[in-house]
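K.L.:
Quick one, structure for this:
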Amino acid sequence: MNEKELTKEKDYLSKTAKYLNKKIEELEKTIFKSEKDLREFKKYTWENKSGMDKQELIAVTTDNELEAGLLLNKSAYYKKLLKIKSSPYFASITLQDNDKLQKIYIGMTYLYDENLDHLIYDWRAPISSIFYDYEKGECHYEAPEGIINTYLENKRQYKIEKQELLRVVDSSLNINDDILQEVLASTTNDKMKNIVNTIQQEQNEVIRNTKDKNLIVQGIAGSGKTSVALHRIAFLLYKIKNLTSDKIIIFSPNNIFTEYISDVLPDLGEENTLQTTFHDYLKKMCKEYKSVEAYSNFLNKYYIGRYRNKELMKYKQSDAIISDLENFVKYFEENVRFKKGLIENKVFDYSKEELNELFKYRYASLPFFTRIEEMALKFSENNYNGKKTKKSVYHKLLLEAMDLKKDYKALLELFYKSQFFKQSVTEEDLKSLHNKEINYDDALLLVYLKGLMEGFYYEPNILQIVIDEAQDYSYLQYLILSKVFKKASFTILGDVNQNINPFYSYNSLDILLNLFPGKYVELNKTYRSSEEIIEFANSILGLNHICAIRKNINKPVLKRNSKETLKGDIANLKQNYHSLAIIVKNEELASMLYEELKASFNLSNIDSNTNEFIHDFVIIPAYLAKGLEFDAVIVYQDKANYFTEAEKRLFYVAVTRAQHELIIYE
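P.N.:
Residues are numbered from 1 along each chain as shown. As a prediction, the model looks like this:
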C-alpha cells in the first residue's frame, strides 16, 4: 500500500492502543473500588441483619447480588481487554453504502470510546461475519433488525505485536492467503490455539449457525472440526442470552484430548465449559461396579489380540441389540407379577390382585421399578402420612411380594441367557459381570437396561452439548444421551474414515439426524497436512481428498524397513520441529519402544491413564492420538504389531496426525 494509507493504519492503531490502555487503567481502578465497596456493603448488611425487617433484608440482598453481578461483568471485560492489549485487532473490512465508506476493525473483543464509536468489533458480531464469508463485492449480514445489504470494498489482515504494526495484508478468500499460510507453516504448540484470524467460510457457517437446533458435522482429517466446535461454543456464549459456560458440556474422546484443547476458550475470552468423557458418564451410572473399563483399554485389548469371540462383541455393539434389549424388558414387565398380597393387622390389606391391578394399569405408563417406587409412596401417604421410613418398608415388601430383587447385574445376565439375545454365551463370557470392573461393552447395555427399567437420569440445566470424534460413539450411546439431555442442542462432529472401533462403524453420520433433527454439514478441505502426506493417506482408504490449502512442502513420505535408522530420524526431526510423535498400533509396542529410547531422548509414553499431555516428543497408540496433531510423525510397526488390512482406518488416523513430515517404519 502507499505511504499515505500506511500512515493512516499506524495512526488508527496508535489511537486504538491509547484508548485501550486508558480503558484498562479505568477498569482497574473501578474494579478495585467496587470490590472494596462490596466488601463494606456485605459487612454492613451482616452487622445490621438482626435490625432489618423481611422487606428491607430482601431489598439489601437484591442490591448486593446486583452489585456483585456488575462487578463480575466488569472483571470479565477487563480480562478480555488485557488479552488483546498487545494485539488489539487482526482484521478490517471496508464497506461502501451510498458512496460512503465505513471501516470496521475486528478483534477478539469489542472496544468503543466515550462517543460510542466502535474502535473494535468483536469477531462474533453480526457485521464481522462479512470478513469470513465474502470477497470483494455485494454482501449482507444478519443484524437484530433484519438482513443488511452492503458492498465489501476491501478486506485486510494485520499482524500486531506489542501494539506495533508489523504487517498489513490485503486479503481474500483465496486459499493461498498469506496469513493462513504463515499459520500453517508454523510449528505446533503444546496446546491447541484459537483460529479467529483464519476461520474459513465453510467453518464460519458451522460456527455461526443458530437456526438449526442440532448440527451433525462430517469433516475430513485436518478440516478443523475441533477448532470449529470450540469457536462455535464461544459464538453461542456471545449470541444466546443467559447461556453460560456451566450450561455447556464437551464430550471429549479422552483426558489427553481434554488437556490439549483446554486453552482455546480462555484464549477467546470465555471460561472453559464442563468437559467430560463418555467413560466418566458410565462410571457415574454403573454404581454396581467399582470401575468401568475405559474405551481405550477396550480398543487395546482388540489390537493386541485378546478377544476370542469377535461375533459376540460385534453383536453387543450393534444397533440390532437395542430392540432386542427393549423386547426383553417389555417381556419381563408383562410377565413378572405380584405373587402375594401385603397385609399388616388393621393398618393395611392389599391383595395380590389389587397390587397387580395397580401395577398393570394405574402405573402402566411408568418404567418397571419406578412403578414400585410410586406404589410405595402412595401406600405410605395413605397409611402413614407419607413417612419416608414407611415408604422404604413398603418398597422392600413390594419387591418381596414379587419375589424380586433390584439387581441389574442379574437382570443383564438374564438378558444374555434369554431368547431375545441373538448370540450364544458361555460361562466364561458371563464371568466378567461379576468382577469389580465391568467391561465397556457390558456397561453400555447395563446403562440402557437401567434407563428402560427405572427411567433415564434427566439433566435439565445443560443447554448445549458438543461431541467430538462422533464416529467412535455407537447409535446406542447417542440414544442414551438424547434421553438424558432432552432439553439440549447438540453439535456432533466426526469423520467416518477415522472410525477406530473394530466392532462398529457408520456409512454416514447423517443417520444421527433421526435422533437429533437439524442440519447435516460436510467440511471437505484439509488444513493440517502437506499435499504429500494427504496423497499417502488417501491411498490407504482409496479416497480423493485434495490438500488445496498448504503450499507444497516438497517433503516426500519416507518408508523405512530397518530399525537401525530410527534414532537418526528422531534426532533429525527433533532438530527441525517443535513436536514429534511416534505413533504405534497398541500400548504394548509403545511401552517396548519407550524402554529402548528413554536413555537417548527426553520423551513421554502416553497411555490410557495419562492426564497431562507434553507435546514435544511422545510415543502414543493411534487410538489415543485422535484429534491431536504434530509437526512430524513416525508411524512405527514391527512384525508382531503392524496395521493389517482390517485396521487400515487406524493406520489412516496415525498418518493424518502429521503436519509437515511423515516417516513410515514398515
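
K.L.:
those helices in the stretch 351-500 of the chain, which residues are they?
P.N.:
Counting by DSSP state H, counting those that start in this stretch, the stretch 351-500 of the chain has helices at residues 352-357, 368-384, 388-401, 408-417, 427-431, 440-454, 475-484.

K.L.:
In the first one, which residues are buried?
P.N.:
For helix 352-357, a neighbour-count test (16 or more other Cβ atoms under 10 Å) marks 355-356 as buried. All C-beta atoms are positioned from the backbone trio N, CA, C, and that covers glycine.

K.L.:
rewinding a little: which one of the helices of the stretch 351-500 of the chain is the most hemmed in?
P.N.:
Using mean count of other Cβ atoms under 10 Å, the stretch among those with the greatest mean number of neighbours is helix 440-454 (a mean of 21).

K.L.:
Show the average pLDDT along that helix.
P.N.:
Mean pLDDT, helix 440-454: 96.

K.L.:
For the remainder of this discussion, apply numbering that starts at 6.
P.N.:
In the new numbering, first residue 6, that becomes helix 445-459.

K.L.:
Give the pairing partners of the strand ranked longest in the chain; include direction for each.
P.N.:
If you go by DSSP state E, the chain has its longest strand at strand 151-166. Using DSSP bridges, the strands paired with strand 151-166 are strand 96-102 (antiparallel), strand 142-148 (antiparallel), strand 169-175 (antiparallel).

K.L.:
which one of those strands has the most crowded surroundings?
P.N.:
Here the criterion is mean neighbour count by mean count of other Cβ under 10 Å, and of the strands paired with strand 151-166 the winner is strand 96-102, at a mean of 18.

K.L.:
which SSE is the spatially most central residue of the chain in?
P.N.:
Nearest to the geometric centre of the chain sits Ile255, at 3.2 Å (Cα atoms, centre = their mean). If you go by DSSP states H and E, Ile255 is part of strand 253-256.

K.L.:
List of residues touching that strand?
P.N.:
Outside strand 253-256, the residues within contact range by Cβ atoms under 8 Å, 6 or more residues apart in numbering are 234, 238, 241-242, 263, 266, 278-283, 467-473, 490.

K.L.:
What's the first helix or strand after it?
P.N.:
Counting by DSSP H and E, what follows strand 253-256 is helix 260-265.

K.L.:
on that earlier part again, least confident of the strands paired with strand 151-166, on average?
P.N.:
Mean pLDDT across the strands paired with strand 151-166 is lowest at strand 169-175; the value there is a mean of 90.

K.L.:
who's in contact with Leu242?
P.N.:
248-250, 253, 275.

K.L.:
picking that back up, quick check: buried residues in the longest strand of the chain?
P.N.:
155-157, 160-165.

K.L.:
repeat for stretch 81-100
P.N.:
Those would be 82-83, 85-86, 88-89, 92-98, 100, for stretch 81-100 by 16+ other Cβ under 10 Å.

K.L.:
ok so, going back, can you tell which of the strands paired with strand 151-166 is closest to Asn444?
P.N.:
When those are compared by Cβ to Cβ, strand 142-148 sits nearest Asn444, at 49.3 Å.

K.L.:
Dump the closest one to PDB, restricted to CA.
P.N.:
The C-alpha coordinates for strand 142-148 follow below in PDB (Å, rounded to 0.1, in the frame of the first residue of the first chain):
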ATOM      1  CA  GLY A 142     -18.500  -7.300  -4.000                       C
ATOM      2  CA  GLU A 143     -22.100  -7.300  -2.800                       C
ATOM      3  CA  CYS A 144     -22.700  -8.900   0.600                       C
ATOM      4  CA  HIS A 145     -25.000  -9.000   3.500                       C
ATOM      5  CA  TYR A 146     -25.200  -9.800   7.200                       C
ATOM      6  CA  GLU A 147     -28.000 -10.600   9.600                       C
ATOM      7  CA  ALA A 148     -28.500  -7.900  12.200                       C
END
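
K.L.:
can I assume Ile89 is in contact with Met113?
P.N.:
Yes: counting by Cβ atoms under 8 Å, Ile89 touches Met113, with 5.1 Å between them.

K.L.:
Make a markdown table out of the buried residues of stretch 81-100 and add distance to Lys38 and secondary structure.
P.N.:
Converted to a markdown table, those look like this (distance: Cβ to Cβ, whole Å; DSSP: H, G, I helix; E, B strand; the rest coil):
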| residue | distance to Lys38 | secondary structure |
| --- | --- | --- |
| Tyr82 | 16 | helix |
| Tyr83 | 13 | helix |
| Lys85 | 20 | helix |
| Leu86 | 18 | helix |
| Lys88 | 23 | helix |
| Ile89 | 24 | helix |
| Ser92 | 29 | coil |
| Pro93 | 26 | coil |
| Tyr94 | 29 | coil |
| Phe95 | 33 | coil |
| Ala96 | 35 | strand |
| Ser97 | 35 | strand |
| Ile98 | 38 | strand |
| Leu100 | 40 | strand |
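
K.L.:
from these, which is closest to Arg313?
P.N.:
For those, the nearest to Arg313 is Lys88 (54.6 Å; Cβ to Cβ).

K.L.:
give me every residue that touches the closest one.
P.N.:
Lys88 makes contacts with 113-114, 272, 274, as judged by Cβ under 8 Å, 6+ apart.

K.L.:
now do 6 Å
P.N.:
By Cβ atoms under 6 Å, 6 or more residues apart in numbering, Lys88 lies in contact with nothing.

K.L.:
now swap in the one 3 residues further on and tell me
P.N.:
By Cβ under 6 Å, 6+ apart, the contact set of Ser91 is Lys167.

K.L.:
How about the one 5 residues further on?
P.N.:
Residues counted as contacts of Ala96 (Cβ under 6 Å, 6+ apart) are 111, 136, 162.

K.L.:
Give me the distance between it and Cys144.
P.N.:
For Ala96, the distance to Cys144 equals 15 Å [Cβ to Cβ, to the nearest Å].

K.L.:
For stretch 292-299, buried residues please.
P.N.:
Residues of stretch 292-299 classed as buried: 294, 297-299 (neighbour count, 16+ other Cβ under 10 Å).

K.L.:
pretty sure Ile212 contacts Ala239?
P.N.:
No: using Cβ atoms under 6 Å, Ile212 is not in contact with Ala239; the gap is 8.4 Å.

K.L.:
And the next helix or strand past the worst-scoring helix or strand of the chain on mean pLDDT?
P.N.:
Across the helices and strands of the chain, mean confidence by mean pLDDT, DSSP states H and E is lowest for helix 183-190: a mean of 61. Under the assignment DSSP H and E, the closest C-terminal helix or strand after helix 183-190 is helix 206-212.
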